[in-house]
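Any chance you can model this:
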Amino acid sequence: MTGAGLAVAQTQTDVHRDAATRNVGGDPFMTKYARAFYCNLPDDNNGIVLEARGWNNQTGTGSNAQYRIPLTQIFDDVWGVGNHYVFQYLIKMPDGIVGVDSSNSAAEFSKFNYAALQTLGLSASYPLKAIYLTHGHGDHDGGAQWALDNLGTRSYIGSADNTLGAAAGKSYKPILIDSTNLSMRTLSVGGKTFWVLPTPGHTPGSTSAVLEVTDHGQTRRVLINGGQSMTNSIPEVAQYLDSIERVYAMASALNVDGVMTPHIYWDGEGEKLDEINATGRTNPSQNIYGHETVMRMTAVARECSAAWLTRLDATRVLPIWRFNTIEFVDGNPTPTKVAAKVQNGWGPLANQKVTFSVVETGASCSAMTNDEGVASCPIRPLRPHQDNVTASFAGAQSAGFVDLPTETAAMACSNGNCK
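Sure thing, here's the model as predicted:
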């Protein structure tokens, strides 16, 4: 690589690293976790990941005991067990349990996961029905053979990871998810419906998913990321970037507002689990981050992967993803004022169309944002305390930017300050 090429690559990398920071939106928790870990390679900060790997252990004793997390209830129907490096999830169904990932090894599964399953009621009539594996690395599928040999439990894995490494196929004979079909679709895993999305890049067969859970009696949708770390291979990082973009589309389409990340340090979930064990579950539960936060984190991940790809390949010029927000001006809309502001980490978004619509009546109007990012237009009639108004920005794309879509909704009121 020439000096000029390095300068171009560094410039592109810095642009995307800066975009990742701006997309955080000033959230200190996201800065501490998602921004730092997804950007660890372009930030030349891989030490934080290496430190986290040091937390991994099978014994749960001695100096590493502090990194072990006991069986913890996360949602009404989901528990987790593992350590602060890698975590597994157990979903209780009426007729049995479905797992997400299977720990580091047979020894760890037999000691920790099996005990957790017994606590949750494991029996001949209440079995571990199936295990969904995010990918084929040993810290995720290490216990799959033990589960098959001792519990008769089959595991599901992306087909491209069935030949990962030197083996001709995984010894635990997994049920395969077609890795060549990159579309989102539903899959029944032990009777539990997963929306699955092959997301190669971390491994060839990495598979992300969305899962419906119950949280304090309410149905929520959570994201299971198929793999976080990037490699040094340009084709694999390009795959990873594409996968992140498709995960963003999936999470947006399914209105995801929670997370169940196997590597819980990556998005700060480990801190949330410590909080649950110290003070109990909140309502909503700690793993419900909110839809905007989940989408922000995914946009941050996209920019971090773009930063790394442009570091590896100086010829790549990628558009910047900008995460936008929209909010009504002066509180709620009123019969005399319906206005909303669109902005992002770069400032107000000018000269963009905002559409306002009323759910109850179907009335709508559109207007362009001014230099302050504000769009305003009348909707007639608009009834206070009856009509719900949605303000939406459909997104826009130019040579340099992809401005992500956003929307908000509020009930009309008479003075703009009602709840």
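
quick one: contacts for residue 160?
For residue 160, the contacting residues are 179, 180, 198, 200, 203, 204, 205, by CB atoms under 8 Å, 6 or more residues apart in numbering. The way it works is simple: take the backbone N, C-alpha and C, and place the C-beta from them, glycine included.

Helix, strand, or coil at it?
Taken by DSSP: H, G, I helix; E, B strand; the rest coil, the conformation at residue 160 corresponds to helix.

Please identify the helix or strand for the residue nearest to residue 386 when sequence neighbours are not counted.
Excluding the flanking residues, the one nearest residue 386 by CB to CB, 6 or more residues apart in numbering is residue 360, at 6.6 Å. For residue 360, there is no host helix or strand (DSSP states H and E).

so residue 360 sits right up against residue 389, yeah?
No - counting by CB atoms under 8 Å, residue 389 is not a contact partner of residue 360; they are 9.6 Å apart.

Looking at the two now, which is surrounded by more residues?
Remark: of residue 360 and residue 389, residue 389 carries more neighbours, 24 against 12, as counted by other CB atoms under 10 Å.

any idea how far residue 377 is from the closest residue to the more buried one other than its chain neighbours?
Nearest residue to residue 389 in three dimensions, chain neighbours excluded: residue 333, at 4.7 Å (CB to CB, 6+ apart). From residue 333 across to residue 377, the span is 11 Å (CB to CB, to the nearest Å).

mind checking the SS state of residue 327?
Quick answer, by three-state DSSP: residue 327 is strand.

Just want to check the distance between it and residue 374.
10 Å.

Between these two, which contacts overlap?
Contact criterion CB under 8 Å, 6+ apart; residues shared by residue 327 and residue 374: 340, 341.

So which of these two has more stuff around it?
Applying other CB under 10 Å to residue 327 and residue 374 shows that residue 374 carries more neighbours, namely 19 against 14.

Go ahead and confirm that one touches residue 337.
No - Residue 374 is beyond contact range of residue 337, at 11.0 Å (criterion: CB under 8 Å).

what touches both of those two?
Shared contacts of residue 374 and residue 337, defined by CB under 8 Å, 6+ apart, are found at residue 329.

Spatially, what comes nearest to residue 352 if we skip its sequence neighbours?
Using CB to CB, 6+ apart, the nearest residue to residue 352 is residue 369, at 5.0 Å.

Equivalent analysis for residue 147, please.
residue 153 (4.2 Å).

which residues in the stretch 51-200 of the chain form strands?
68-75, 78-83, 87-93, 96-100, 128-132, 154-158, 175-177, 185-189, 192-198 (DSSP state E, counting those that start in this stretch).

Columns distance to residue 53 and pLDDT on top of the contacts of residue 160, output as JSON lines?
Listed next are the contacts of residue 160 as JSON lines, based on distance: CB to CB, whole Å; pLDDT from 0 to 100:
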{"residue": "179", "distance to residue 53": "26", "pLDDT": "96"}
{"residue": "180", "distance to residue 53": "31", "pLDDT": "95"}
{"residue": "198", "distance to residue 53": "25", "pLDDT": "98"}
{"residue": "200", "distance to residue 53": "22", "pLDDT": "97"}
{"residue": "203", "distance to residue 53": "16", "pLDDT": "95"}
{"residue": "204", "distance to residue 53": "21", "pLDDT": "95"}
{"residue": "205", "distance to residue 53": "21", "pLDDT": "95"}
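
Now list the buried members of those residues.
179, 198, 200, 203, 204, 205 (16 or more other CB atoms under 10 Å).

what's the most distant pair in the residues you listed?
198 and 203 (10.7 Å; CB to CB).

can you list residues touching both of the two?
Residues touching both residue 198 and residue 203 by CB under 8 Å, 6+ apart: 158, 160.

Give me the three-state assignment for residue 18.
Under three-state DSSP, residue 18 comes out as helix.

mind checking pLDDT for it?
Here, the pLDDT recorded for residue 18 equals 97.

Tell me, please, where in the stretch 101-250 of the chain the pLDDT is lower than the cut-off.
164-168 (pLDDT under 70).

Where do the domain boundaries of the protein fall?
What automatic domain parsing lists as the domains of the chain is 7-317, 324-411.

Around the closest residue in space to residue 244 that isn't next to it in sequence, how many other residues sit close by?
Using CB to CB, 6+ apart and skipping the chain neighbours, the partner closest in space to residue 244 is residue 302 (4.7 Å). Residue 302 has 29 neighbouring residues, counting by other CB under 10 Å.

just checking, residue 302 is part of a helix?
Yes - assessed by three-state DSSP, residue 302 belongs to a helix.

How about the contacts made by it?
241, 244, 245, 248, 321.

can I get those residues in CSV with distance to residue 68 and neighbour count?
Shown next, in CSV, are these (distance: CB to CB, whole Å; neighbours: other CB atoms under 10 Å):
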residue, distance to residue 68, neighbour count
241, 34, 23
244, 30, 25
245, 35, 19
248, 33, 20
321, 37, 24
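
which ones are touching the closest residue to residue 99 other than its chain neighbours?
Sequence neighbours aside, residue 131 is the residue nearest to residue 99 in space, at 4.1 Å (criterion: CB to CB, 6+ apart). When contacts are counted by CB under 8 Å, 6+ apart, residue 131 is found next to 98, 99, 100, 101, 102, 144, 147, 153, 154, 155, 156.

Good, wrapping up.
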